[in-house]
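Engineer: Task: produce atomic coordinates for the following.
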Amino acid sequence: MNLVLNNPFRILALPITASEREIAKRISDLNIFAEMGKSKSYDTDFLFLSTLERKPESVKEASARIEQPEGKLFYSLFWFWKHSVIDELSFNLLKNGELGKAISLWSKYISGKDISEENYSAIKNLSVLYLGLAGGNLFLHSGQDFFLKGITLAGIFFGSHLFENYCRIVSGINYTADKEKIGSAFADEIISFAEKYLDKPDSIGIREILKSFRSFPHQIFPYISGKFVNEPSRRIETEIEKARKTRTDSPYNACQQGEELYQDTLKDLAYLKDILPESDLQYQMVADKLANEILQCAIDYFNAVAKHAVNQASGEKSLRLAKTALTAAVGERVRSRIEENIFVMETWIKSAPQRQRHREIQLLIDDIMERVNGCEQDAQRNDLQKAQYLLDNILHKLLIIKASAGEGNPVYLNVSSVAADKVSELCMRHAAQTEEYAGAINMMQNIAMLDMLPEIREKHGKINAHLQAKRENEVIQTVKPSSSEPSEKKGRCYIATMVYGDYDSPEVLCLRNFRDQVLIRSGFGRLFIRFYYRYSPIFAAKFRRVESVKKFIRFFLNLLFRIRLIKPLHRTQSVRSAFPRRAWERDNEVK
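Structural biologist: Numbers count the residues shown, from 1 in each chain. The predicted model follows:
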């Protein structure tokens, strides 16, 4: 290393603590020898380092370099310091060329021991010796090993509380040294020497050099590492800012921007990863910032495009980019955030079939609601026709939604209830306007199979009961009794009267008597009577002109009379003994 091999103190053969008088005298002596054409050698020439030739020009240059306190202190860092007995012994070994013994002696004196006045100079001297031995041999393993050890020991020397005292010993009692400035200048010389060897085959690497420099004080190391990492870090920061602006302006292109960001920073990030350990704070900050931005590109694209896409390809692109971000991340918080978003994206992709089904269901729901809300606009149909048309167009869709979402699904129940309520409303309005209750009742029975919310089901029941009551009144008004029929309505036999044509026919009287004497005496009979009077008026009104129905019922009733399940009245029981023969007797007479 040039600052060791051509150190001013080596050229002038002076100790680093030499006074101005000593320096002046030595310069004078060397000039005299030069003028005489003779060469003077000294014990501290240490020719094992390199050959040494003292010329007037080199002597003059050396004296100029250490003329000022700052220069004297700086160049002293690259030369030996005889400060203790151990140093004296080691120097004698070096003079005799016994390098191994000198290294062993100094190493033993500092190994495993705290830094003190006694061994402080040994640390410095061993550092200078290693740097000098490295020389130009950084392609050799031994040279690399010496060089790195020399840097490490120099950092320990700078970091000691004894450094300020050393500065005063070398530069003068009144000189105040700037440790950070001196340490940075020392590092510049080391890096400048090593640059031509860095990262070449079989040579020393930046990572190894930075590792050795970590022994330097924390005020100095950032400056040293910045020599190697500031420029690639700045380029990465620039790309991050560019990506942030692009994805903010156009989230639909965020995925492509994230991929480009990773590709544009890959080389610089790999370089930083190679020269810095993952535990390095600066590397973590740069890598995590990059990973966060790549992840944000994936998230923005996912939210803008993938969530609304028909297929899952967009989601898979976001997932791939998020996994790329994970490869760059270092810090636990950032990695945890990325993993959480990866889980969300993977879950979204896996749930694609369910989302497709939900999307189809939503389309059906939208169609149903559109038809419900728009059915009033149909001027070509009356309200009952609107209700029928609406039911025809939504029933199968409701069944699909029910099969997919489930009978208890609140969305399905709400849609089904809205549809049922609308049909009920149309039926009620149609009946109120036209007094045609049969069609409305039939429609209400059709929608009874729909699932409804409790309140809509209750409303449907009330409307249906109202229409039934109106229809029964209509039937009662339609089925008029003969002039001899009693005025009381609740005793009428609607179907029997329809079949036999006369309210006072013997058969009708027999059936009324069977009702009053037999049926009414049992619970089942009374239930039958209530059922009969609820639905028989509607039946009679509907089939009163259908002869085939009336003939079938009459045959059935006559059969009951004939096998005596319903007994005819005795003559003493009725004032109608003068009536002609009963119809069942006539119909069943053997001719």
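Engineer: Quick check: buried residues in the top helix by length along the chain?
Structural biologist: In the chain, assigned by DSSP state H, the helix with the most residues is helix 221-249. Buried residues in helix 221-249, counted by 16 or more other Cβ atoms under 10 Å: 221, 223-225, 227-229, 232-233, 236, 239-240, 243, 246-247. For the C-beta atoms, the positions are set from N, CA and C on the backbone; glycine is no exception.
Engineer: what separates it from the chain centre, distance-wise?
Structural biologist: 26 Å (Cα atoms, centre = their mean, to the nearest Å).
Engineer: Could you pull up the mean pLDDT of that helix?
Structural biologist: Throughout helix 221-249, pLDDT has a mean value of 92.
Engineer: Now the element after it, going C-ward?
Structural biologist: Going down the chain from helix 221-249, the next helix or strand is helix 254-275, by DSSP states H and E.
Engineer: and that next one, what other elements does it pack with?
Structural biologist: helix 206-213, helix 221-249, helix 281-304, helix 313-328 (3 or more Cβ pairs under 8 Å, 6 or more residues apart in numbering; DSSP states H and E).
Engineer: The second one vs helix 254-275, what angle?
Structural biologist: Here helix 221-249 runs at 170 degrees with respect to helix 254-275, directions being taken by axes from the mean of the first three to the mean of the last three Cα atoms, to 10 degrees.
Engineer: Next, the angle from helix 221-249 to helix 281-304.
Structural biologist: Going by the same axes, to 10 degrees, helix 221-249 makes 10 degrees with helix 281-304.
Engineer: now the stretch 451-591 of the chain, which segments are flagged as low pLDDT?
Structural biologist: Confidence mapping of the stretch 451-591 of the chain against pLDDT under 70 gives the ranges 474-492, 564-591.
Engineer: same question but for the chain, I mixed them up
Structural biologist: 136-141, 199, 306-311, 474-492, 564-591.
Engineer: Could you chop it up by domain?
Structural biologist: Per automatic domain parsing, the structural domains of the chain span 2-219, 225-350, 355-478, 494-587.
Engineer: Let me see the ranges of the helices in the stretch 451-591 of the chain.
Structural biologist: Ranges of helices in the stretch 451-591 of the chain, per DSSP state H, counting those that start in this stretch, are 454-478, 494-500, 506-517, 523-543, 547-562, 583-587.
Engineer: how many degrees apart are the first one and helix 523-543 in direction?
Structural biologist: Following the same axes, to 10 degrees, one obtains 70 degrees for the angle between helix 454-478 and helix 523-543.
Engineer: Check which residues of helix 454-478 are buried.
Structural biologist: For helix 454-478, by 16+ other Cβ under 10 Å, it's 456, 459-460, 463-464, 466-468, 470-472, 474-475.
Engineer: hmm, who's touching that helix?
Structural biologist: Applying Cβ atoms under 8 Å, 6 or more residues apart in numbering, the contact partners of helix 454-478 are 417, 420-421, 424, 427-428, 431, 435, 437-438, 440-441, 444-445, 447-448, 452, 489, 494, 534, 537-538, 540-541.
Engineer: I would like a PyMOL command selecting only the buried ones among the residues you listed, please.
Structural biologist: Those of the contacts of helix 454-478 that count as buried under 16+ other Cβ under 10 Å are selected in PyMOL with:
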select buried, resi 417+420+421+424+427+428+431+437+440+441+444+447+452+494+537+538+540+541
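Engineer: How far off centre is the helix or strand Phe74 falls within?
Structural biologist: Using DSSP H and E, the secondary-structure element containing Phe74 is helix 69-76. Relative to its chain's centre, helix 69-76 lies at 59 Å (Cα atoms, centre = their mean).
Engineer: Tell me which helix or strand comes right after that helix.
Structural biologist: helix 85-95.
Engineer: Alpha carbons of that next one, in PDB - could you do that?
Structural biologist: Only the C-alpha atoms of helix 85-95 are listed here, as PDB (Å, rounded to 0.1, in the frame of the first residue of the first chain):
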ATOM      1  CA  VAL A  85       8.800  -2.200  25.400                       C
ATOM      2  CA  ILE A  86       6.800  -4.700  23.300                       C
ATOM      3  CA  ASP A  87       7.100  -2.300  20.400                       C
ATOM      4  CA  GLU A  88      10.800  -2.100  20.900                       C
ATOM      5  CA  LEU A  89      11.100  -5.900  20.900                       C
ATOM      6  CA  SER A  90       8.900  -6.200  17.800                       C
ATOM      7  CA  PHE A  91      10.800  -3.600  15.900                       C
ATOM      8  CA  ASN A  92      14.000  -5.500  16.500                       C
ATOM      9  CA  LEU A  93      12.300  -8.600  15.200                       C
ATOM     10  CA  LEU A  94      11.200  -6.700  12.100                       C
ATOM     11  CA  LYS A  95      14.700  -5.300  11.600                       C
END
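Engineer: packing partners for the next helix or strand after it?
Structural biologist: Sequence-wise, the next helix or strand downstream of helix 85-95 (DSSP H and E) is helix 99-110. Applying 3+ Cβ pairs under 8 Å, 6+ apart, we find helix 99-110 packed against helix 85-95, helix 120-134.
Engineer: Format those helices as CSV; extra columns: mean neighbour count and distance to Arg320.
Structural biologist: Below are these laid out as CSV (neighbours: other Cβ atoms under 10 Å; distance: least, Cβ to Cβ, whole Å):
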stretch, mean neighbour count, distance to Arg320
helix 85-95, 17, 62
helix 120-134, 24, 47
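Engineer: how many neighbours does Phe343 have?
Structural biologist: Residues lying near Phe343 (other Cβ atoms under 10 Å) number 11.
Engineer: Would you mind listing the buried residues in stretch 498-510?
Structural biologist: Buried-residue list, stretch 498-510, by 16+ other Cβ under 10 Å: Met498, Val499, Tyr500, Asp502, Tyr503, Asp504, Ser505, Pro506, Glu507, Val508, Leu509, Cys510.
Engineer: Please consider this matter closed, and thank you.
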